[in-house]
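Novice: Give me a model of this one.
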Amino acid sequence: MKQWLAIICLSLFFCPSLEAARIGKLKKHKVGTSPCEVKAVHNLTRELNLRAEAGEILAILDDTKKKKSPTKEREFSELKRAGELAPILEGRYIHIDPRLDRQWSYVRPWAGTFVLDIGKEYFEVFEEKLQVNSAARTPKKQKALSRGGNGNADCWSGDATSLHVFGIAVDFAKKPMTSEQIRWMQGKLASLGGQGVVSVEEHRQAVFHVVIFKEYKERREE
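Specialist: Predicted structure coming up:
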């Protein structure tokens with residue numbers, strides 16, 4: 001019994017220290033009322049947040065009529081006007097889920113290029129369109145999805161903020177796909193992931209959740 005008590009005490013002493021050291025390497029955020037501040041310390045989303053910020057990709061702000069604070073972050077409508085968020089255009093290669101309001105079918109320009117590129121390749125193989133279910137979101141939109149019962153909706157603030165809030169994530173629907181089409185997407189995305197230009201999450205999800213980094217444009221132009 002004494003040995004077990006000793007082990008427990010040592011675990012309580014060392015484990016928080018190790019975790020604190022890990023968190024200390026991450027960018028600090030002000031802790032608010034959001035449960036996202038303490039959610040999924042080991043979540044890949046945290047690492048992707050750091051990579052996005054290292055590439056000077058900042059989270060989108062909610063639209064507001066209030067006087068703007070001196071910050072580099074910009075509001076959703078402002079980014080659209082400046083061309084820093086580009087529309088995903090429905091056409092020969094891409095179908096947008098009718099449930100996705102067109103005002104939300106925007107992403108960063110290089111992510112929009114990726115959507116068109118992979119949509120074209122998919123169409124050339126299967127003669128069918130890729131369906132986009134989700135694109136950029138504001139923190140308010142993300143919060144509403146998370147609290148509305150969407151189990152796959154990540155946080156809207158903190159170190160684990162959803163990459164949709166950065167405008168660099170797109171969800172492609174799996175539901176219309178055959179097994180062959182899903183395998184093709186998995187192979188294509190795995191190849192791009194190996195090049196470090198995208199990150200993909202699909203475990204137990206009805207979509208391919210794809211994060212597209214700036215490097216995609218650079219690699220494409222090589």
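
Novice: In this structure residue 96 contacts residue 105, no?
Specialist: Yes - Residue 96 is within contact range of residue 105, at 5.5 Å (criterion: C-beta atoms under 8 Å). For glycine as for every other residue, the C-beta is placed from the backbone atoms N, C-alpha and C.

Novice: Kindly point out which residues are neighbours of both of these two.
Specialist: Residues touching both residue 96 and residue 105 comprise 88, 90, 132, with contact defined as C-beta atoms under 8 Å, 6 or more residues apart in numbering.

Novice: Roughly how far does the last one sit from residue 186?
Specialist: To tie it back to what came earlier, the one meant is residue 132. For residue 132, the distance to residue 186 (C-beta to C-beta, to the nearest Å) stands at 18 Å.

Novice: Quick check on these two: which one has the bigger neighbour count.
Specialist: Neighbour comparison, residue 132 and residue 186: the larger count goes to residue 132, with 22 against 13 (by other C-beta atoms under 10 Å).

Novice: Which pLDDT value goes with the more buried one?
Specialist: Listed pLDDT for residue 132 reads 98.

Novice: quick one: what helix or strand has it in it?
Specialist: For residue 132, the host element (DSSP states H and E) is strand 130-134.

Novice: what's that strand packed up against?
Specialist: If contacts are counted by 3 or more C-beta pairs under 8 Å, 6 or more residues apart in numbering; DSSP states H and E, strand 130-134 sits against strand 94-96, helix 109-126, strand 169-173.

Novice: follow-up on the earlier one: I'd like the shared contacts of residue 96 and residue 105 written out as JSON lines, with distance to residue 76 added.
Specialist: Putting these into JSON lines (distance: C-beta to C-beta, whole Å) gives the following:
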{"residue": "88", "distance to residue 76": "15"}
{"residue": "90", "distance to residue 76": "20"}
{"residue": "132", "distance to residue 76": "18"}
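
Novice: Return the closest of the residues you listed with respect to residue 217.
Specialist: Within the shared contacts of residue 96 and residue 105, the smallest distance to residue 217 is 15.8 Å, found for residue 88 (C-beta to C-beta).

Novice: what residues are up against that closest one?
Specialist: Under the criterion of C-beta under 8 Å, 6+ apart, the neighbours of residue 88 are 94, 96, 105-107, 112, 115, 132, 135, 170.

Novice: What of residue 95?
Specialist: Contacts were defined as C-beta under 8 Å, 6+ apart; by that measure residue 95 touches 129-132.

Novice: most neighbours, which of the residues you listed?
Specialist: Neighbour tally across the contacts of residue 95 (other C-beta under 10 Å): the maximum, 25 neighbours, falls on residue 130.

Novice: quick one: it and residue 92 touch, right?
Specialist: No - between residue 130 and residue 92 there is no contact under C-beta under 8 Å: 10.9 Å.

Novice: which residues do those two both contact?
Specialist: residue 123.

Novice: if I read this right, residue 63 contacts residue 80, doesn't it?
Specialist: No - if you go by C-beta under 8 Å, residue 63 and residue 80 don't touch, sitting 9.9 Å apart.
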